[in-house]
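Colleague: Sequence first, then the predicted structure, then my questions.
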Amino acid sequence: MNLLNLAYLALIAVFYLFLCRGTAGGSSNSRSAVGIGAILDVGSRVGREEKTAIEIALHNFNTKSSNTRHNFSVYFRDPQSDPLKAAYAAEGLIKTQKVEAIVGMHTWAESAMVGEVGSRAQIPLLSLSPSSISAPLKQLRWPFLINLAGSNGSEEIQCIAALVRFYSWKRVVVIYEDDAYGGNSGKLDLLAEALQKSDSEIEHRLIFPPYNSLVNGSKELVRDELIGLFRKQSRVFIVLQASLPMAIDIFREAKSVGLSGRDSAWIVTEGITSLLDSVEDSVISSMEGTLGIKRDFPNHGGDYENFKSQFRGKFRSEYPEEDNLVPGIHALRAYDGIRAIAEAAEKRKTGEKIMLSGNFTGLSGEICLTAGGEPCPVPLLRVVNVVGRSYRELDFWLPGFGFSKTRNVHVTEEESGLSGTVMWPGDLVDRPPTGWAMPTDSKPLRIVIPKRTSFEKFASWPDGKKRPEGYCISLFDKVLRQLNYALPHEYFCYDGPYDDLIQGVYNQTYDAAVGDITILADRYKYVDFTQPFTESGLSTIVPSSPDDSAWMFTKPFDFKMWTMCLALLAYTIVVVWFMEHNSNPEFQGPWNAQLGTALWFIFCSLFFVQKEKINNNITRVAVVVWFCVVFILTQSYTASLTSMLTVKRLGPDFEILKQNKLYVGCDNDSFVKNYLETVLDFQPDRIRIFDNESQYTTAFETKEIAAAFLEIPYEKIFINKHCGEYTTTRASNRFGGFGFAFQKGSPIARDFSEAILSLSEDGTLRKLEEEWFGPVTECPTSDKLTLHSFVGLFSISAGTSTMCLIIFLIRLKRHGGKMARVHDVDEEETGSLAGEDMGSGSGKPGGPTPSRAVTFPAEHGLSHQWWRSTSCRWRSVGSSDPVEEASPAVIEMPKF
């Protein structure tokens, strides 16, 4: 009985278990199976992370989702980084395993090959690698391919260009690993375009073959190629794309050969930055100072922490040799890919294929599955800096807004740079690297100076001297003291044209050119110039030709003007006399007296000092108009004469020199000759070339040239030395002035420009000019009026006065002779009268004295007119009057 009971109970238990298993089996069978293919490189760290993330995602979806209608399974395939194997694996998964979606493909080459297979089968493909071509083209060729990692990396390309622009690096070297499928050509074109907008360029492109194609490894090849980079000037290296093994070899060999020292800069893209958590410490140490770009993702929140916990446990159990248990961005994208496929499968109707659409927030950020397969939001990037055996995160970056310390980048400007301190290669922290091959003691800066200079005070190398000298050399030494780094250098002398000297810097024969080198637009195409340290422009020098005419005072008016003035003067004299001589006593008398009065009146009116009274109103009108004319003429004359005597006369302009076909001179080996021919249209046979300053003065003295064309710095020296002998005019055309030339993209030119500005602001530049060229003094000009300019005027005045004096003396002498004859006659008559009186009289004194007879000039006679015009005073003298009381006769003679 007990046995039967036990058997019965056992039978019931077995039946119950059967029922439970049947129920469970029925629940499982109610879900439709969905197969998902995963093409991963499980031999790499990235492939392992992706595989672990996919398994966690399927486990969570199959076990934790009670309302799901599907049971998902995954089939892994390892193409071993071979795109063809990836395509074969995809075709096998579709035909054999009947998968409805494929996820994986870590490289663009694998994505492109698998995309062809997926398009024929019309199943969705989720690529975990970024696209290397634009979205429209990709959608047209591979309509079922979706890239969870984004497009062709245009955002990180723009971020790299922003870094290059901020640090003023003009040249970069791009390093990338070729995948044989054009996966990097799109990125390279985008980078070249972005750098061009930032006024930078790619100096060299270093292309490595695919790592898997190298039979004996890549170390020897990488080392040889990196050593070749020493021939390039740029020390800014951008690793655009490389597999992890290739990147490790590149950085290790770069550190070994010395390319990752001070003043170098290394930048890597997200493809390498995202793997920094997966490499060994020794690899990271070889990358010290490198800047990396990576996509920012929200590594916080409950979902991320749960996934991180699951990932750490599963990854430790499956790969105990791995030390880093933190999931990277690739694992997050793989998890989000499985989620996207699962949710799309749940939304489809029975019998339909999986169609990926919609958007959601995943562990890797915002996921927006559009027709083009691109994420909708613009990704937020972050710059990291490798320090020691780890890395630290710096600023965020978003296109159009620039860098920011926080994720709120909308308040920043695009031109802002990194705010934090960056540890650069070679432990450089106090300043950014120059990104240029800086000179060393073993390889100093090669500086070339011109040997043939017209004005040796600017730059020359005297025989027997160990180094050159001159104003430019002294300025160069001053600038070196302003720099915050050493600049070993050595000088070379070049005997040739200045344009050839510039070409020597361009083709890297020399590193820089120092001297009196003019900055021109054509030269700027080949070299970079510093800030100019002299004034720019072209001057025309001609011999001074002061006006030596003794009749300078007559030149304000021409001959016709003088003739008209004299004619109007004569006419006014006649008019005034005619209207005044009948009624105005001052204009009456003999004709010569009337003429003199009229002339005196008109000439005095020139100075407004006339005293004659005008009686006729009509005459007053004529005189007032004459006064207006006189006022205007005197003011115009004074102004014109003042201008002619005090304003420096300008020399002949270009047109006069060309029209008269005069010879002109210019410097040898300068651009001026070509400028005169091409711009100012001078005939080549009318241009004379001179080698030094003294030849100009000789040419002027021998009348070989009529003018010389010199640049303003030369003109100042020439005029200062030959003060007062020459005059100058300056053309309106301007040039760049004198500057130092460096190779294109050299940061030394920028540092020199800053130092030159500092020297100019603190007065050092001016003191240096005075030291070499002497103080700038004003040359004596023609502002001081000389005696020679007025010798004609003085001669007229002195001559007129002399003539008047001579005439007066002649007339005075004639009048003196007549007076002497009258005096002799009077004495004779007086003596005879006295004798008669003594003879006939008693001889007593006091007798009456007879009146004296007066002899008159014969020309006057005894006319009534003469008697009335003379003042003769007569007096009767009696004989009884004493002789002593008798007064002599006083006769006032007429004036002649």
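Modeller: Nice, I can see it. As the structure is a computational prediction, the values presented were derived from the model and not from experiment. Numbers count the residues shown, from 1 in each chain.
Colleague: how close does S640 sit to L566?
Modeller: Counting by C-beta to C-beta, to the nearest Å, the gap from S640 to L566 is 18 Å. Heads up, the C-betas are built off the backbone N, CA and C, glycines and all.
Colleague: Mind checking which of those two has more residues around it?
Modeller: Between S640 and L566, S640 has the larger neighbour count (other C-beta atoms under 10 Å), namely 13 against 10.
Colleague: Tell me how many other residues crowd the spatially closest residue to that one that is not a sequence neighbour.
Modeller: In this structure, S640 finds its nearest non-sequential neighbour in P556, 3.6 Å apart by C-beta to C-beta, 6 or more residues apart in numbering. Burial measure for P556: 19 neighbouring residues, criterion other C-beta under 10 Å.
Colleague: Ok, Y491 next?
Modeller: Using other C-beta under 10 Å, the number of residues around Y491 comes to 17.
Colleague: just to revisit the earlier point, for the residue nearest to S640, give me its contacts.
Modeller: For P556, the set of contacting residues under the criterion of C-beta atoms under 8 Å, 6 or more residues apart in numbering consists of S636, Y637, S640, L641, M644.
Colleague: Pull the number of nearby residues for T642.
Modeller: With other C-beta under 10 Å as criterion, T642 counts 12.
Colleague: does the residue positioned nearest the centre of the chain count as helix, strand or coil?
Modeller: Central residue check for the chain by C-alpha atoms, centre = their mean: the C-alpha nearest the mean position is that of Q531, 8.3 Å away. Classification of Q531 by DSSP: H, G, I helix; E, B strand; the rest coil places it in coil.
Colleague: and the residue nearest to S640, which of the three is it?
Modeller: Secondary structure for P556, judged by three-state DSSP, is coil.
Colleague: could we number from 382 for the rest of this?
Modeller: Let's use 382 as the start, then, which means that last one is P937.
Colleague: Check the gap between it and T944 for me.
Modeller: When distance is defined by C-beta to C-beta, P937 is 14 Å away from T944.
Colleague: Can you check the contacts of P937 and name whichever has the most neighbours?
Modeller: The member of the contacts of P937 surrounded by the most neighbours (other C-beta under 10 Å) is L1022, with 18 neighbours in all.
Colleague: Quick check, L529 in contact with R720.
Modeller: No. Because the distance of 10.7 Å does not satisfy C-beta atoms under 8 Å, L529 is recorded as not touching R720.
Colleague: In terms of packing, which of those two has more residues around it?
Modeller: Between L529 and R720, counted using other C-beta under 10 Å, the more crowded position is L529 (25 against 17).
Colleague: Which helix or strand contains the nearest residue to the residue nearest to the centre of the chain once chain neighbours are set aside?
Modeller: The shortest distance from Q912 to any residue that is not its chain neighbour, by C-beta to C-beta, 6+ apart, is 3.8 Å, and that residue is S1134. Following DSSP states H and E, the helix or strand that holds S1134 is helix 1128-1142.
Colleague: After that helix, which helix or strand is next? Please name it.
Modeller: With elements assigned by DSSP H and E, the helix or strand that comes after helix 1128-1142 is helix 1145-1154.
Colleague: Packing partners of that following helix?
Modeller: helix 852-863, helix 1093-1102, helix 1128-1142 (3 or more C-beta pairs under 8 Å, 6 or more residues apart in numbering; DSSP states H and E).
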